[in-house]
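Visitor: A predicted structure for the sequence below; I have some questions about it.
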Amino acid sequence: MSVPGPPPPEGVLTGPPDILKSGEPTPGLSDTSPDEGLIEDLTVEDKAVEQLAEGLLSHYLPDLQRSKQALQELTQNQVVLLDTLEQEISKFRECHSMLDINALFTEAKHYHAKLVNIRKEMLMLHEKTSKLKKRALKLQQKRQKEELEREQQREKEFEREKQLTAKPAKRA
């Protein structure tokens, strides 16, 4: 049992024609050359193609133009965004370099404080060495004075001993 399908479109043969007798032309088929009537068909087809093209263009052209304009706006916005992004990146780099500069200033302050402390220590050491030199000079002068006094004392003692020692009387 077969299920009937949808009916064929009009003018389409589905099987061999039963009504036709042999020698009769089949409807829709001709013995003429396929090039006959082509020029007439072309002018009709050209007009149809032109009208179809105009209809297609008139239907899709406004949407395409809006799309083109939207794409141009998007491209322009992308350029603006890229410029803005570039500026933000440069600002970020400046901030980053500012952090580096701040770190350098902090380090410079630290080393400046160290230099100030070293300078204070050097001044203090200079004062101490000056005082020590003065003291050493005074001590040296005192020792020299004491030694001179000792030497003078010895000479006096030596003279005294000389005077105290018995002198043989001179015989005349």
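Guide: Thanks, I have the structure now. Numbering: from 1, shown residues only.
Visitor: please determine how far the residue positioned nearest the centre of the chain is located from Q87.
Guide: Geometric centre of the chain, nearest residue: R93, 6.4 Å, by CA atoms, centre = their mean. According to CB to CB, to the nearest Å, R93 stands 11 Å off from Q87. Just so you know, the C-beta spots here come from the backbone N, C-alpha and C atoms, and that holds for glycine as well.
Visitor: just A70 next, same as before
Guide: Using CB to CB, we find A70 at a distance of 26 Å from Q87.
Visitor: which regions of the protein lie under the pLDDT threshold?
Guide: Applying pLDDT under 70 to the chain flags residues 1-42, 166, 169, 172.
Visitor: show me where it has helices.
Guide: Secondary structure of the chain, counting by DSSP state H: helices at 38-164.
Visitor: now the common contact residues for R93 and Q87.
Guide: Residues touching both R93 and Q87 (CB atoms under 8 Å, 6 or more residues apart in numbering): none.
Visitor: tell me how many other residues crowd D63.
Guide: 9 (other CB atoms under 10 Å).
Visitor: oh sorry, the question was meant for E73
Guide: For E73, using other CB under 10 Å, the count is 10.
Visitor: now do the same contact list for I101.
Guide: With CB under 8 Å, 6+ apart, I101 has no contacts at all.
Visitor: and it, how far from C95?
Guide: 10 Å.
Visitor: also R160?
Guide: 95 Å.
Visitor: what of T84?
Guide: 16 Å.
Visitor: equivalent analysis for D46, please.
Guide: Going from D46 to C95 by CB to CB gives 69 Å.
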